[in-house]
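Peer 1: Please work out how this folds:
(one chain, ligands or ions: 1)
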Amino acid sequence: MNVLVINGSLRSKGNSDLLCDEFIRGAEETGHSVEKISLREWDIHPCRACYACFRTGRCVQQDDMAAILQKAEKSDVLVLATPTYFLTMSGQMKVFIDRLLPMWQGLGGKDAYVIVTGHDGKQGLKRNADDLAMILENLGDRVRQIVWGEHVWQKGEVLGTKAMEEAYLAGKSVGC
Ligand SMILES: Cc1cc2nc3c(=O)[nH]c(=O)nc-3n(C[C@H](O)[C@H](O)[C@H](O)COP(=O)(O)O)c2cc1C
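Peer 2: This next block holds a predicted model:
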């Protein structure tokens with residue numbers, strides 16, 4: 001299967017990134033083909049709400065989002081990973097989500113996973129995870145698992161926590 005991992009964290013080798021990599025390790029070991037997109041490395045502007053995409057099927061903005069939408073459309077499995085910022089997803093992830101508008105009816109039928117991180121416990125990360133899970137379900141995807149990177153603040157703190165194993169096993173479960 002083709003797996004697309006979208007990471008909305010601002011930190012390279014941060015906690016979300018490390019969990020993505022564990023997920024990818026599990027999925028690749030099981031024979032799947034995985035691509036990771038770190039949104040911080042891509043030029044994605046906010047949706048302008050012009051609704052031109054409702055007529056034409058594409059966004060008027062000339063940035064990197066069209067390329068990501070193509071990859072998302074071709075993928076069988078979508079993974080959305082984000083740190084928790086003020087109880088919900090990072091700004092980068094939200095901008096990305098809004099720009100799904102041209103294809104909001106074309107990304108359904110996929111298996112999906114959510115990876116969230118934050119200094120809070122599960123209860124504090126729940127709003128963030130629920131928001132992403134509901135967005136994926138609205139697109140018509142099936143959320144198979146949420147990976148909880150709880151109680152992590154500084155870069156790399158997730159190493160050695162049970163979330164790393166959860167992420168690896170979630171990757172292993174792709175296609176099962
Ligand atoms: C602007 C900002 C807001 C944050 N808000 C929360 C929050 O509401 N709840 C929480 O648990 N952690 C919060 N955090 C902590 C981050 O979620 C945590 O450091 C996370 O591990 C960062 O992930 P990363 O290493 O992938 O960047 C916040 C961090 C920043 C920078």
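Peer 1: Looking at the protein, which helix is longest?
Peer 2: Ranked by residue count and defined by DSSP state H, the top helix of the chain is helix 122-139.
Peer 1: I'd like the next helix or strand past it.
Peer 2: Downstream of helix 122-139, the first helix or strand assigned by DSSP states H and E is strand 142-149.
Peer 1: Any buried residues in the longest helix of the chain, and which?
Peer 2: Taking 16 or more other CB atoms under 10 Å as the neighbour-count basis, helix 122-139 is seen to contain the buried residues 125, 126, 128, 129, 131, 132, 133, 135, 136, 139. C-beta: built from backbone N, CA, C; applies to glycine.
Peer 1: What of stretch 112-121?
Peer 2: Under the neighbour-count criterion of 16+ other CB under 10 Å, stretch 112-121 has 112, 113, 114, 115, 116, 117, 118, 120 buried.
Peer 1: what's the answer for stretch 59-76, then?
Peer 2: If you call a residue buried by 16+ other CB under 10 Å, then stretch 59-76 has these buried ones: 59, 61, 64, 65, 68, 69, 72, 75.
Peer 1: of all the residues in this protein, which ones are close to the ligand?
Peer 2: For the chain, the residues found near the ligand under the criterion CB under 6 Å from any ligand atom are 9-11, 14-17, 83-87, 117-120, 124-125, 152-153, 155.
Peer 1: Within the helices and strands, which one has residue 119?
Peer 2: Using DSSP H and E, residue 119 sits in no helix or strand.
Peer 1: Which strands or helices does the host helix or strand of residue 26 pack on?
Peer 2: With elements delineated by DSSP H and E, residue 26 resides in helix 15-29, which encompasses its position. Of the remaining helices and strands, those touching helix 15-29 by 3 or more CB pairs under 8 Å, 6 or more residues apart in numbering; DSSP states H and E are strand 2-7, strand 33-38, strand 77-83, strand 111-117, strand 142-149, helix 162-172.
Peer 1: how about the CA coordinates for the third one, as PDB?
Peer 2: Written as PDB, here are the backbone C-alpha positions of strand 77-83 (Å, rounded to 0.1, in the frame of the first residue of the first chain):
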ATOM      1  CA  VAL A  77      -3.300   5.300   3.800                       C
ATOM      2  CA  LEU A  78      -3.100   8.800   5.300                       C
ATOM      3  CA  VAL A  79      -1.300   9.600   8.600                       C
ATOM      4  CA  LEU A  80      -1.800  13.000  10.200                       C
ATOM      5  CA  ALA A  81       0.700  13.900  12.900                       C
ATOM      6  CA  THR A  82       0.800  17.200  14.900                       C
ATOM      7  CA  PRO A  83       1.900  18.600  18.200                       C
END
